[in-house]
Structure formats: structure tokens, C-alpha cells
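1. Below are the sequence and a predicted model; questions follow.
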There are 2 protein chains.
Amino acid sequence: MTVARTPAVLETLLAALRARVSGPVLTATDDLQPYRRDRAADPGAGTPLAVVRAQSVTDVQAVIELAAAHGVAVIPRGAGSGLSGGASAVDGAVVLSVEDMREIAVDPVTMTATAGPGVLNAELKAAAAQHGLWYPPDPASFEFCSIGGNVATNAGGLCCVKYGVTRDYVLGMTVVLADGSVVELGGRLIKDVAGLPLMQLFIGSEGTLGVIVSVTVRLRAAPPPSSTLLVTFDDIDAAGEVVVALARTGRLSMLELMDRTTVECVEHEHRGGLDTGACATLIVQSDEPGEAGAATIAESAAICTRGGAITVSQARTAAEGQHWAQLRRGAIPSVEAAAGSLLLGDVGVPLPSLGRLMVGIEEIAREAGVPIALIAHAGDGNTHPLVMRDTSSAESIARADAAYGRVMDLAIALDGTITGEHGVGRLKRPWLAANVGSDVVRLNQVVKTALDPQGILNPGAGF
Amino acid sequence: MTVARTPAVLETLLAALRARVSGPVLTATDDLQPYRRDRAADPGAGTPLAVVRAQSVTDVQAVIELAAAHGVAVIPRGAGSGLSGGASAVDGAVVLSVEDMREIAVDPVTMTATAGPGVLNAELKAAAAQHGLWYPPDPASFEFCSIGGNVATNAGGLCCVKYGVTRDYVLGMTVVLADGSVVELGGRLIKDVAGLPLMQLFIGSEGTLGVIVSVTVRLRAAPPPSSTLLVTFDDIDAAGEVVVALARTGRLSMLELMDRTTVECVEHEHRGGLDTGACATLIVQSDEPGEAGAATIAESAAICTRGGAITVSQARTAAEGQHWAQLRRGAIPSVEAAAGSLLLGDVGVPLPSLGRLMVGIEEIAREAGVPIALIAHAGDGNTHPLVMRDTSSAESIARADAAYGRVMDLAIALDGTITGEHGVGRLKRPWLAANVGSDVVRLNQVVKTALDPQGILNPGAGF
């Protein structure tokens, strides 16, 4: 998609879009600006030719067909909450926003919900709750991320340690392919192996293979209230060891970690009562009912104490536990508020290497002279190092970039991943071959070429 | 792969295989016979040119490279326990058996196991158990099915209602592609979204995209002993309604159903104390510990009673509950022993339609004059209608075939699937387009062509 189109061709495309699409076709500079970047604030983001806010599946089809006919790239976009630059605009492309596609229908009989891609995760949860049901996946951004983006990145969250990731809830989807045709994949079935698992291929494909225009997800009965521990350590390595021991029980519904820098930022924003003196803070939850939950919490507290915790506090009420979890959910915005600008890492390792990863990240921060706040979905071995930078200083930016890269190199060296739940987007592509192998990157491209021979969909993202 | 090869070409291939492969290359008629069919006993199975028992990844590479160079198809085969003819031999093809690739290594630190594709599911469970760990997926055939085949079909089982299917446990794999190259996908990570989810594409691909030569699976802590109910109904529709209500609680670890015909066969074989007079029998388990498990069992018993159960019996010991579950696991062999020959269905529907499916299958059996025993992983909406036939009578075979087809038509009409966990293989292909849509079948072929342009891998199977 590097061919420069003549102005006449682009005018023809815009006229055709305006004629066929029911939603707004934005081209004014001020209107384009908010669609140039997602939350990753990609410095390499381009300026699109236009932004189309699709209102329907036929709008999506029209955008893809017309863009393909004119040789113009399409950048699919949900709520723009992505953290890897997967929705960064490309110069001259059409940004296809599905933010207005917000139909939502809960079927309490089959315990499923069908949602347009623009439905916010929180809206889906709320709609399910009206029927006493629950959609578990809970990215920390659940209040402002969309289900389409969740599926396109196979988003995770805090509940994953017990309840799994987005992939585990998707039963069916409707996808517009690169030729503008529409396919229905899956349905409302718990088990279904009819044909190749094509639906699985679109989950986590970051808009490179098709545009998801409807998703059917499985819902669960709402869990009972949680019991919660707040645990502090004066040694991050010890905290890592305790996480491994806690995760082995297989019974916790939340197992989150914040380092001291993170807690300082959270306390600065929220004054929530966390201990800014602790090296690491864990939030440990069980949502097992009654005696079983009490036993798990007691066993977990004992593991923490044996593992060298300084303090182990049990929430007196479910509300207090939710307050602690809420502080964790607000951690990235709190660090952002303190730092001004962040590079958001998403590295993961096999769980027993979590301590080595965290200690290594501390070393990188110290050696590079770059503050890195660390948050972890610790029970999954998935961490978010938040690399702080001063964007008014080229030298600070360069140091932060180097530290961000070293963190990914470290994760790769520990048999880990450069992205556990945010996606590769555009910002992590330089590390992908080192992570998965250049042969696997080539295999990505083979599949991409088969489904999108013209390379029209989200070029430059994902792999 | 329909081009007939000359005898000279085939002799060259056999000589090259013998030169490069360390394992046996079988060509004698008696040696080929056991490799012509899997447990589906496909009447259309061909006679292969040779069977190669690969001993290593390089053996698998050699077979694929040489077969491709000679334009000969490769039929990958695990334990041969498949129920859809996915491993039926094709005339003139090379059957590539991985039954001897049985390396197994449990890593208790990362709570993972890495297994060769020929490792039996039961062997994997046993190896995990030596470390106090558990590999949950449990096809009823777990004692004689292989992990390679489990992954290739995304096999299910009895525990899926709580613990999910094979896909939910695969963290990494090594695959030999159609060009003989080897790729490593995934690893030991709980969350990993680096690049397209190619590993997911191979899970359930039925040997059509590559040959899985190693699998890394996630293990869990072993669950506590189960509490079990045995429940009988005199009305299969009422049993279906109760299943829906029980599944909604989201707390059971087993929810299986057998109809009267199945129970009669099981009792004939095992004399296990089941009631042959009941129209439907449910086996209901909870593996929640202590009070929580007791509460779930009490609530389940109340749901059964309110739903019209004739008898609700609680196992006095965990062993008694396991005895009942074991009778269920032995059901297909018991029906096979009684019937002589079976067509094994694997249809599924959204759970609320389970009753309609089961009643409809009874009607088909009555109208067609064909006995059909029904077993169901009821909590997943996944049923196994076992269509009995007398293979000495062409008329009986034709009636059974027609009834088998009508069962799949019914599942499709109920927004269901022609296969929940066994795969399409060769026997269900005629129904696939009606099930998933001819556009989706074409998309299957697009992906197939991209990964196996020569069409060398398991032609005729899967889609």
C-alpha cells in the first residue's frame, strides 16, 4: 500500500464513499486529528485521507470494497483504546471507525450476548448484569474499550487468572473480509469443530485479516462476592516467588501486583490507603463461595506470610476488596498522570520466571536512568512495565525507547512474549521476529496474503 | 492428489523413504490393513502405498518432503481412535503414523507438559499425576487416543462442561508444514498475542495444514474428589429441560446423559446397577471442595426433583460416583458390542435446544426403523447418537445412513453443528456446506491452499 494515489483518484474515492455510506465521512483536518492515534500515541502515526464512521455492516462492506477498488488502505478502529498503535493512522488511508455500531442483545436462554464491535466492554457487562449474567473479560480499560477491539487483540484483564481471556468467551462472529464479502463464523455453540477453526484466526488478528462487525459471546452466572487480601513485600523477587506459589493453587480469581512507583502514583491520584513504602503490593482475590473461599484466602495468607510478606490484610467487606481492585484498575491512568507520557510494555514470561523478569526490569530502569513503574497480572506472568519519558526532551525519549526495547529483549531471553494481551500493533513489530522467529513471521504473511492479497487491511500492524 | 503415479515413481519414493526414515516403512498387505481405517471404519477407505512409523521430527519431515516431491498424499495418523474417518487411508497415499513418538516431559515448575503426538491421553494424565498435577481433557477414549489426535480434532470429553476442551490447554506446539519445514508456535505462556494466532489454526485442523510433532499443554492442580448424583427420568424432554437448568448454575464438573437404549447396552456389558427402565439417566458431578460442593449437589438435586426426575441418588462415596462415571465412559464400546456396527454421530445444539434435538432423534429412529442409542455431554449441548446397523444387510446400511444424515440435518436446522468434538473427517463432509455455509467452506480452502498449495496433507478430510 505504498503507491501514492493521485488527487483525482482520491476525490473519486471520497465521492463514492459519500454516495454509498450512511455514516459520516470526515475529511476536515480537525475531524481527522482524534483518529490519527490510539492510546499508544504512536509518534509515527500518519494522517488519513478520511475517517468513515460506519453505521452498519453494509457501510463496512462499502468502505472496504471502495478502498480496495482505489488501492487505498483501511485502518479498522474501535474505541481507540489500544496500547500498541494497532489503530495508528497511515498516510492517505481510510480510517474505518466502528464506534457507532453499538447494537447489543442479550439472550438469557442461551446465556449469550451478541454485540456490535463498538459496544464498550462495560456496556456488555451491564447488559448481561440486567439478566443476572456476567461477561468476565475485564481489561483495566473496560469502561472505555470496545468489544470489537477486545476480540481483535484477544484482550485480557484482571480476571484472566481464573476466567481466561477474550478468546475463551467468543462463540461466534460476523466478519467483513478484504474483498468486502461477509462471513458468519461459529454461532451459539459451546463445542463446535466443523471445518477449520477460522473464527479463532480472527481473534487477535488486529484488523489485518478482516473487520469484525458482530460478536457473540458466552456469558456466565454472576460469581459470588469476592474475598480479598492486600499483601506487601519489601523485596520484589520474594513477591514473585509468592505469586508462583499462589498461582499453583489454581483457585484465585485475581492475583495482581503493583510496584512501589505504581503505588506512589496511585496514592497521589486517589489517596486510597495503599502503603507507598512497600516494594511490591499484591491484590489477591477468591470468588469461591462460603467456606471454600475462606479456606482459599486463609491458605493464600499463609503462603504470603511464609514467603516473607511484611503485611497481609484481609478486606473486612467485599466493598473494601473491590476498592483495592479499583485502585489497581486505575493504576495506568495514575502513572500516566504522574509521568505525562508513557511507553506501555506488555511483556510476559512463564510464571516461574516472573521474579527474574521483574528484577531485570528494575535493573534496566536503574541502568538506563529511566523510571519504570511496574504493574502485573502476576498470576498470568503478564506484566505492564510503564516506561516514563519527558516528551519535550529528545534525549529522554531516546533513553525511554532504549529501555522499552531492553525490556522486550529481556522477555524474549526468558522464553517470554513481547505482548501478552495488548497486541503487536505498530510499536512492537521490530521485536516480533526475535520473539516468534522469522519463519513464523513469514507464515503470518502467508496467511495474510491468502486472506488479503491486496494488503488493504491495516498494513503495517500486527506482524 | 488424483494423479495416478507410475509404478516406477512409487518405487523411487519407497526407496527414498527407506533410505531417509529411521522408522519402519511398511508395504506388505497385512501390515497396511490396520492402517486403512480409524475407529469410524470408513467404508470408503482406500489402500495406502505404504505406512511409515515415524520415530522423530526428522522422520516426519522426510516423509512429507519425499511425498511432496513425488506428488503423493500424506495421511497423518495418531492412535487411530478417530470417529469421523479423518485418518482413513487414501489409495496410493503414505500413511504417516506418529504412534511411536511418545516422548513425554512434565515440568512441575511451569505446570506444563510437553508430549510427542503419539503419547496417549491417559499416559499424559498419569505423567502429570506423578507430580500432583492434572491434564483435564478427557475424551471417553482417553485410554487409547493420542494427544496429537486430540489436538488435531480439538477433542472434548466429559470434563468440558467445567474445564473446557483441548484448545483451552494447548500453550505451544511444533508443526511440520507441507513443505517439510518445522515451526515452533507458542511456548509455555498463559497469555501470548504476538503475531497472528497461528497455533489456534492448527488446533482442530485434522491434519490438513501440518503435522503436529510436539505439544506443550498447561496442567492444573488436581481437583478434590467429586460428589455425584445419578438421576433418572421417564421423559427425555424433561431431562433436557433439567440439563439446561443445571448448566445455568455454571458449577458442575460433569453433566452427562444416557438414554434407555444406551443404559441397556451398558448394563448388558457391565451390570453396573443402572436402571434400564428409565427413559434418560443423568450423571451430575461437582468437584468443588467441602461445603460448596455439598451446596451445589443439594441445589442440583432440588433442580432435578422440581424438573420431574423419578429418582435422584447421591453417591455415598467418591468411588461410587467414579463407578457411575466409568459406566458412562464405557458406553460407546458397550453399544458397539451390542450393535456390531455403529455410525457415530457428534451433533450439538445451543443448550436450550437440547431437548428438541433429543426428541427429534428419537422420532428419526422410530420413523426410520433404525435403533439409535443416545449419549450426551449434555451440559455442552453435545450429543452422540449411535446409529446401529447390520453391515450384512445393504438395506440396513442404507437405512442407517439415511437416519445418520437426518440427524445432522436436524442439528443444522436447530442452529447446531454436525460435529462438536470428533471432527468432520471424511464421513461428515457432505453436510459441512449446509452447516457452515459454502462461503465458509471456500474460506477453509483459501487457508488450506495458502499452507498446503500442493494439497498433499490429508486430502479429502476436514472440509
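-> Right, received. Where do you want to start? As the structure is a computational prediction, the values presented were derived from the model and not from experiment.
2. Which residues are in contact with the nearest residue to A:Arg37 once chain neighbours are set aside?
-> Of all residues not flanking A:Arg37 in the chain, A:Ala45 sits nearest, at 4.7 Å (CB to CB, 6 or more residues apart in numbering or on different chains). For every residue, glycine as well, the C-beta is placed using N, CA and C. Counting by CB atoms under 8 Å, 6 or more residues apart in numbering or on different chains, A:Ala45 makes contact with A:Arg36, A:Arg37, A:Gly85, A:Ser88, A:Ala89.
3. for A:Asp107, phi and psi?
-> When read as degrees, to the nearest 10, the backbone of A:Asp107 gives phi -110, psi 100.
4. How about it, nearest residue that isn't a chain neighbour?
-> Leaving aside its chain neighbours, A:Asp107 sits nearest to A:Ala113 (7.0 Å; criterion: CB to CB, 6+ apart).
5. A:Ala178 too?
-> The shortest distance from A:Ala178 to any non-neighbouring residue, by CB to CB, 6+ apart, is to A:Asp452 (3.8 Å).
6. So what's the residue count around the one you found?
-> Residues lying near A:Asp452 (other CB atoms under 10 Å in any protein chain shown) number 21.
7. Show me the domain layout of chain A.
-> Domain segmentation of chain A under automatic domain parsing yields A:7-100, A:104-221, A:227-413.
8. near chain B, which residues of the stretch 251-400 of chain A?
-> A:251, A:288-292, A:295, A:348-352, A:377, A:380-382 (CB under 8 Å from any CB of the partner chain).
9. run the last query once more with 7 Å
-> Contacts of the stretch 251-400 of chain A with chain B, taken as CB under 7 Å from any CB of the partner chain, map to A:Glu288, A:Pro289, A:Gly290, A:Glu291, A:Ala292, A:Gly348, A:Pro350, A:Leu351, A:Pro352, A:Asp380, A:Gly381, A:Asn382.
10. contacting residues around A:Asp97?
-> Slight slip there: residue A:97 is Ser, not Asp. The contact partners of A:Ser97, by CB atoms under 7 Å, 6 or more residues apart in numbering or on different chains, come to A:Tyr35, A:Val51, A:Val52, A:Arg53, A:Ala54, A:Arg77.
11. just A:Leu96 next, same as before
-> Shown in contact with A:Leu96 (CB under 7 Å, 6+ apart): A:Val52, A:Ala54, A:Val60, A:Val63, A:Val74, A:Ile75, A:Pro76, A:Arg77, A:Val211.
12. 6 Å instead?
-> A:Leu96 sits next to A:Val52, A:Val63, A:Val74, A:Pro76 when contact means CB atoms under 6 Å, 6 or more residues apart in numbering or on different chains.
13. for those, which one is nearest chain B?
-> Using CB to the nearest CB, A:Pro76 is the member of these that sits closest to chain B, with 15.2 Å.
14. send the alpha carbons of the helix or strand harbouring A:Arg18 over as CSV?
-> Here A:Arg18 sits within helix A:7-20, counting by DSSP states H and E. Below are the C-alpha coordinates for helix A:7-20, written out as CSV (Å, rounded to 0.1, in the frame of the first residue of the first chain):
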residue,chain,number,x,y,z
PRO,A,7,-5.7,13.6,-6.0
ALA,A,8,-8.2,12.8,-8.7
VAL,A,9,-8.4,9.1,-7.7
LEU,A,10,-8.8,10.1,-4.0
GLU,A,11,-11.6,12.6,-4.9
THR,A,12,-13.3,9.8,-6.7
LEU,A,13,-13.0,7.6,-3.7
LEU,A,14,-14.3,10.2,-1.3
ALA,A,15,-17.3,10.9,-3.6
ALA,A,16,-18.1,7.2,-3.8
LEU,A,17,-17.8,6.8,0.0
ARG,A,18,-20.2,9.7,0.5
ALA,A,19,-22.6,8.2,-2.0
ARG,A,20,-22.6,4.7,-0.5
